[in-house]
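Trainee: Provide a 3D model corresponding to the input given below.
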Amino acid sequence: MIKKNKGKTEAVALRQSAENQIINHKAVDKSANVADTLKVFHELEVHQIKLEMQNEELRRSRDHAEKLFQKLTTIYDFAPVGYFTLDNMAIIGELNLSGARILETDRSALINRNFRNFVSRDSLNDFNDFLNNVLKSKVKQSCEIKLDRLSSDFLVLLMEGIVSDDDAHCLVSAVDITQRYKTQIKLQHSETRYRRLFESAKDGILIVNAGDGKIIDVNPFLVNMTGYSKDELIAKTLWEVKIFKEIAPTKEAFAEFDRNSYFHLEEMPLETKKGIHKQVEFISTVYFEDSEKVIQCSVRDITQRKQAEVALKESESRLRELNVTKDKFFSIVTHDLRSPFNAIIGFSNLMADKVIAKDYDKVAEYADIVQKASWRAMDLLTNLIEWSNSQTGRISFIPEYFEFPLLVEEIYSLMKDLARQKSITLIIEQSPSLVVFADKAMISSVLRNLVSNAIKYTHPGGMVSIKVKKNQGELLVSISDDGVGFSNSAVENLFNMERNISTTGTMQERGTGLGLLLCKEFINRHEGRISVESVQGRGSTFTFAIPSL
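Mentor: This next block holds a predicted model:
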């Protein structure tokens, strides 16, 4: 436009110069020569040619400007960004085709329409502030607004605006960022869900920077598990926190920890701030967060699980013992208990025949056999009942104060006839007064079984001794014999239900091994101990100890 005006001005000046020269030429002396006249006409022809050339240049410039304007109009109309010209009341003065598509209305119908009519109610305040700021500040402003749409639920625009040269209009560009907005919303929801899971997880979680080993975040469960506050853990390195020293005690160990990307540690010891010891399972995974490598560590308290596993193993062991006990009971009932009664019945019939035949020597012999079988059956039944009651919990532990020497005398009186039948000397060595606090019935059963076994496995003419003494707060009781003794392998299994074996006495007395198991059970109830020392062919010594006053 400037170039066109300039050319027009030069043409006017040239014409004026030519006219002045003609006037001047008329004023000259008529006697001027023809050469001067021709010179003037030549100059006029030159100026005419210049004018024609300038006019051609002007036409070319105009055509170029029109083509350029057309291109700019095309770019403006078909640009992917919406363009609007708004006045201070938000009235649309101009807009491109993309702007019309954004508003879903024909462009001609949008001229002089108020842009606010398309803005969602919850975005009106933001839009008004944006428009006012553009017109007042005269610097580029931006905002995000929602538009109500017929074809979809909403449209989100990123609007940028700047004031026009006349300071009366706002030139606005509008970019559709709906998809980006929805993606951000999804990310926010995802972050909310993650945070909710992180905060409510029933495992301890800590996030560690893979570069320097510093703790970035911890969840409430870890805080409760360890007793350390969040402030005491955040920004500390793993090797600075006492509870994790077993996992990453040094920077070098942490480097290896990082290189593995994933690892799983079980039964790691953890000591809380209050000194409570726990067992934890430690699992780590590595991932990237905003291009930064981080390690997520899950710390699971498995203390109760380990306790449950121990309890389960104990239960399994107890179940095996019960199965062995059941098998033992069946064996006793079907074999050991039947044998003495078979002897009693058989020899009772023979004894009746000998009474009729008046063979009193045989009667006395059979009566002795019947008596021994009866005692054996009685002992067996007594042990069987006591063992059954102990295994089913029907025997109550009822400790009381009593004079222990008196109990030993009772056992002596009960066993002396059995010892006399085998010509065995039964002796007692004890202090005259020893008071204990124990379950009298249980201790009596222990003494009876140990003394009975000593007599059973002692050769006729041998000796069995009962020694009682007090030693360092314990009552020590030893029952010794000089009988057959036991092999080392037999000694190891005497108190083992699964491997317990019975041996035959010196006069073919049969046993079940149940008596020794009862002894161990009853001594354990007193928190005492029982042991045996034996040399095969030279005898045995059974010793038990219980707490004394």
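Trainee: which residues in the stretch 401-549 of the chain form helices?
Mentor: Assigned by DSSP state H, counting those that start in this stretch, the helices in the stretch 401-549 of the chain fall at 404-421, 440-456, 488-493, 514-525.
Trainee: quick one: average pLDDT of the shortest one?
Mentor: Predicted confidence along helix 488-493 averages 79 (mean pLDDT).
Trainee: hmm, who's touching the host helix or strand of M268?
Mentor: According to DSSP states H and E, M268 maps onto strand 262-271. With contacts defined as CB atoms under 8 Å, 6 or more residues apart in numbering, strand 262-271 is touched by 225-226, 242-243, 246-247, 257, 277-286, 299, 301-302, 306. Placement of C-beta: from N, CA and C, glycine included.
Trainee: buried residues in the next helix or strand after that strand, which are they?
Mentor: Of the helices and strands lying after strand 262-271 in sequence (DSSP H and E), the nearest is strand 277-289. With burial defined by 16 or more other CB atoms under 10 Å, the residues of strand 277-289 counted as buried are K278, Q279, V280, E281, F282, I283, S284, V286.
Trainee: on that earlier part again, which one, of the helices of the stretch 401-549 of the chain, ends up nearest to D481?
Mentor: Distance to D481, taken as CB to CB, is lowest for helix 440-456 among the helices of the stretch 401-549 of the chain, at 4.0 Å.
Trainee: which elements pack onto that closest one?
Mentor: For helix 440-456, the elements it packs on are helix 360-391, helix 404-421, strand 463-471, strand 474-481, helix 514-525, strand 539-547, judged by 3 or more CB pairs under 8 Å, 6 or more residues apart in numbering; DSSP states H and E.
Trainee: give me that answer again for 6 Å
Mentor: Judged by 3 or more CB pairs under 6 Å, 6 or more residues apart in numbering; DSSP states H and E, the packing partners of helix 440-456 are helix 404-421, strand 474-481, helix 514-525.
Trainee: okay, those in TSV with mean neighbour count, distance to L187 and mean pLDDT next?
Mentor: Output for these, formatted as TSV (neighbours: other CB atoms under 10 Å; distance: least, CB to CB, whole Å; pLDDT from 0 to 100):
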stretch	mean neighbour count	distance to L187	mean pLDDT
helix 404-421	16	81	87
strand 474-481	21	73	93
helix 514-525	21	65	84
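Trainee: distance from stretch 277-297 to the middle of the chain?
Mentor: Using CA atoms, centre = their mean, to the nearest Å, the mean C-alpha position of stretch 277-297 is found 11 Å from that of the whole chain.
Trainee: other residues contacting that stretch?
Mentor: 206-208, 210, 247, 261-268, 270-271, 298-303, 306 (CB atoms under 6 Å, 6 or more residues apart in numbering).
Trainee: if we can go back for a sec, of all the helices of the stretch 401-549 of the chain, which one is nearest L171?
Mentor: Proximity to L171 (CB to CB) singles out helix 514-525 among these, at 96.3 Å.
Trainee: so for stretch 147-157, mean pLDDT?
Mentor: So the average pLDDT for stretch 147-157 ends up being 83.
Trainee: and if you look at stretch 448-456?
Mentor: On average, stretch 448-456 scores 88.
Trainee: next, count neighbours for the residue nearest to R107 when sequence neighbours are not counted.
Mentor: Nearest in space to R107, with sequence neighbours left out and distances taken as CB to CB, 6 or more residues apart in numbering, is A100 at 4.0 Å. Using other CB atoms under 10 Å, A100 has 19 other residues around it.
Trainee: assign A100 to helix, strand or coil.
Mentor: helix (DSSP: H, G, I helix; E, B strand; the rest coil).
Trainee: distance of it relative to F78?
Mentor: From A100 over to F78 the distance is 11 Å, taken as CB to CB, to the nearest Å.
Trainee: can you flag the buried ones in the contacts of stretch 277-297?
Mentor: Neighbour counting by 16+ other CB under 10 Å classes L206, I207, V208, A210, I247, M268, L270, S298, V299, R300, D301, I302 among those as buried.
Trainee: which SSE is the third one in?
Mentor: Element membership of V208 [criterion: DSSP H and E] is strand 204-209.
Trainee: just name whatever secondary elements that strand is in contact with.
Mentor: Where contact means 3+ CB pairs under 6 Å, 6+ apart, strand 204-209 is packed against strand 215-218, helix 220-226, strand 292-301.
Trainee: the last one pairs with which strands, parallel or anti?
Mentor: Applying DSSP bridges to the sheet, strand 292-301 is found paired with strand 204-209 (antiparallel), strand 277-289 (antiparallel).
Trainee: how about CSV for the ones you listed, with mean pLDDT added?
Mentor: Formatted as CSV, the strands paired with strand 292-301 follow (pLDDT from 0 to 100):
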stretch, mean pLDDT
strand 204-209, 86
strand 277-289, 80
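Trainee: export those strands to a markdown table and tack on distance to Y457?
Mentor: Shown next, in a markdown table, are the strands paired with strand 292-301 (distance: least, CB to CB, whole Å):
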| stretch | distance to Y457 |
| --- | --- |
| strand 204-209 | 61 |
| strand 277-289 | 48 |
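Trainee: and the ones you listed: which comes nearest L95?
Mentor: strand 277-289 (42.6 Å).
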